[in-house]
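K.L.:
dropping a prediction and its sequence here:
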Amino acid sequence: MNKIIQEILNDVVKKSGNSFTKFVEGSSNLDELIFEEKTIFKQSAKKVVQSELELVDKMLIKQSQRKGWQIHDVRERHINTELGEIVYRRHYYNHTKLGYAYMLDRFLSLNPYQRLTIQTQADVISRASKVSYQETINTLPELELYSKSTVMRVIRRYNHFDLVGEDQAPRDPRSVKSLFIEADEGHLKMQPKGTRFSHLIVVHEGWYQKDKSHKALINKHVFGGDYTHDVNHLWNQVLDYLDLHYDLDMVKNIYVSGDGAAWIKQGADTIPHSQFILDNFHAMQALHNISLITKVPVGKLTEWVNENKRRLFFDLIKERLDEKINTNTELTRLEQLSKYIRNNWSFISLKHTDDFKGTNMEGQVSHIIADRMTSRPMCWSIIGGDQMGHWRSLIANGISVLAELNRQNSYVVQTEQIAKTDGRVRKHSGYYDHIGAISGGIVDHHVNFKQEIIKYRKD
């Protein structure tokens, strides 16, 4: 091994010397010198790693043979790393009972068709969460990626996201007076047509003045993704997060705010002792549109709502509808707006609660969803839109992409081990048939049980 490395180093010294000579003689400038030296050392580093991997492969031969593995062949493998593509040769083994395997690949924890190291995958995901797949390829030339499909496969490979933050849960849950849960959605253009929601929920403890013109959220935590068919799961994750990170016995107020959509109001039903408040942006938007149709100043409409003059407000709407002096389109729109205000009247009035200072979800949606997923013309698949929403939420929470990949890979290994154990258990399934029914019931009642426990502690 030392001889191989010495040969590589001698080659580095020779090539580096030639590059330096060209620079001194004036045939290259500083930038060209740096580029050449970088290329020389990078290529040499690849050769060193290749030699080290092949050395480890040789070291595994005797150990493998003692366990009944026999050498069947020697084959080449290509793996993309931060140094670029590394090509190495390793032994292919055969076992009479266990089949075929590459011992070096097992040692390196490389899957059969894996072309990128975990660090390289993390680099790809981090970049793709900010720019398009093609721009990801263009801005990471050292990874030698050749197609957008490669980037897509890396993004889609991981789907066991931990938005609850179990690993980051404090030993002593925080005690706060109030918690704020803001919810909204982005609208993604889908392939081949149509739109879908990218849901977004932000949990925080309030606001502080960051500078003269900006406020920031205290201990912000984000949940995001496409939960069109599983909103219950989204809100259950929020509940799990609150239960892990806060002493809910000490929390006096939990506010759920949003535009009044059914999936957002569902949060107030899921989170014990919470109340829904219609956010000011959507309330004022509706009142402004009503003002344009009825010709009543928006300030007067706002005053009636704030002073709870419900009868006066809806008598005006009825009068305008009966007069029919507006176009049919305007009357239809007025009916829709009237219904929206009627359904959310009590929630609008709650916005005057002392510690509720409004919402900033338009900014959150713009920063977390729109900035990457809707601000430029693009279409998403259902899986791609969901995955990107999850990744951008994790990154917004300050989670390292590399740490998340390692966590998910560890999860997959544990799942495979459980599956193997389960396979052995199934050979004696007659003794264990009752377990499925019992565990299924436990899972079904998990969330309801947690809700009741929290309610009991508060009461």
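P.N.:
Looks like it arrived, so ask away.

K.L.:
what comes up buried for stretch 60-77?
P.N.:
Neighbour counts using 16 or more other C-beta atoms under 10 Å place 60, 64, 69, 77 of stretch 60-77 among the buried residues. Where you see a C-beta, it was placed from the backbone N, CA and C, and this is true even at glycine.

K.L.:
and stretch 245-259, by the same measure?
P.N.:
245-246, 248, 251, 253-259.

K.L.:
domain assignment for this protein?
P.N.:
The chain breaks down by automatic domain parsing into domains covering 2-115, 176-396, 402-458.

K.L.:
comparing those domains, which comes out most buried?
P.N.:
domain 176-396 (a mean of 17; mean count of other C-beta atoms under 10 Å).

K.L.:
pretty sure His229 sits in a helix.
P.N.:
No - His229 is assigned coil when assessed by DSSP: H, G, I helix; E, B strand; the rest coil, not a helix.

K.L.:
any stretches of the stretch 51-200 of the chain with poor pLDDT?
P.N.:
By pLDDT under 70, the stretch 51-200 of the chain contains no weakly predicted segment.

K.L.:
which residues in it form helices?
P.N.:
Secondary structure of the stretch 51-200 of the chain (DSSP state H, counting those that start in this stretch): helices located at 103-107, 118-128, 133-139, 148-157.

K.L.:
do the stretch 201-350 of the chain as well
P.N.:
Secondary structure of the stretch 201-350 of the chain (DSSP H, counting those that start in this stretch): helices at 231-245, 262-270, 280-294, 298-306, 310-323, 328-349.

K.L.:
need those in a markdown table with distance to Ala403 and mean pLDDT, can you?
P.N.:
Shown next, in a markdown table, are the helices of the stretch 201-350 of the chain (distance: least, C-beta to C-beta, whole Å; pLDDT from 0 to 100):
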| stretch | distance to Ala403 | mean pLDDT |
| --- | --- | --- |
| helix 231-245 | 18 | 94 |
| helix 262-270 | 28 | 93 |
| helix 280-294 | 35 | 88 |
| helix 298-306 | 47 | 89 |
| helix 310-323 | 52 | 89 |
| helix 328-349 | 39 | 86 |
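
K.L.:
and those as TSV, adding distance to Glu52?
P.N.:
Below are the helices of the stretch 201-350 of the chain laid out as TSV (distance: least, C-beta to C-beta, whole Å):
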stretch	distance to Glu52
helix 231-245	42
helix 262-270	53
helix 280-294	58
helix 298-306	71
helix 310-323	76
helix 328-349	64
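
K.L.:
and of those, who's closest to Ser393?
P.N.:
helix 231-245 (10.7 Å; C-beta to C-beta).

K.L.:
about what we covered before: so which of the helices of the stretch 51-200 of the chain is the most packed in?
P.N.:
Note that of those, helix 118-128 is the most buried (mean count of other C-beta under 10 Å), with a mean of 20.

K.L.:
helices or strands up against that one?
P.N.:
Applying 3 or more C-beta pairs under 8 Å, 6 or more residues apart in numbering; DSSP states H and E, we find helix 118-128 packed against strand 70-81, helix 133-139, helix 148-157, helix 382-396, helix 401-426.

K.L.:
format those as TSV; extra columns: distance to His229.
P.N.:
Formatted as TSV, those follow (distance: least, C-beta to C-beta, whole Å):
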stretch	distance to His229
strand 70-81	35
helix 133-139	26
helix 148-157	18
helix 382-396	10
helix 401-426	22
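
K.L.:
so which of these comes closest to Gly224?
P.N.:
helix 382-396 (3.5 Å).

K.L.:
quick revisit: can you tell which of the helices and strands packed on helix 118-128 is closest to His204?
P.N.:
helix 382-396 (12.0 Å).

K.L.:
thinking again about what came up before, for Arg89, state which of the buried residues of stretch 60-77 is nearest.
P.N.:
Distances from Arg89 to the buried residues of stretch 60-77, taken by C-beta to C-beta, are shortest for Arg77, at 7.6 Å.

K.L.:
and stretch 3-21, what's its mean pLDDT?
P.N.:
Stretch 3-21 shows a mean pLDDT of 89.

K.L.:
can I get the CA coordinates of it in PDB?
P.N.:
The C-alpha coordinates for stretch 3-21 follow below in PDB (Å, rounded to 0.1, in the frame of the first residue of the first chain):
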ATOM      1  CA  LYS A   3       4.500   1.700  -2.400                       C
ATOM      2  CA  ILE A   4       1.300   2.500  -4.300                       C
ATOM      3  CA  ILE A   5       0.700   5.800  -2.400                       C
ATOM      4  CA  GLN A   6       4.400   6.700  -2.900                       C
ATOM      5  CA  GLU A   7       4.000   6.300  -6.700                       C
ATOM      6  CA  ILE A   8       0.900   8.500  -6.600                       C
ATOM      7  CA  LEU A   9       2.700  11.200  -4.600                       C
ATOM      8  CA  ASN A  10       5.700  11.100  -7.000                       C
ATOM      9  CA  ASP A  11       3.300  11.600  -9.900                       C
ATOM     10  CA  VAL A  12       1.800  14.500  -8.000                       C
ATOM     11  CA  VAL A  13       5.200  16.200  -7.400                       C
ATOM     12  CA  LYS A  14       6.100  15.700 -11.100                       C
ATOM     13  CA  LYS A  15       2.900  17.200 -12.500                       C
ATOM     14  CA  SER A  16       2.700  20.000  -9.900                       C
ATOM     15  CA  GLY A  17       6.300  20.900 -10.700                       C
ATOM     16  CA  ASN A  18       5.500  21.100 -14.400                       C
ATOM     17  CA  SER A  19       2.500  23.300 -13.700                       C
ATOM     18  CA  PHE A  20       4.600  25.600 -11.500                       C
ATOM     19  CA  THR A  21       7.300  25.900 -14.200                       C
END
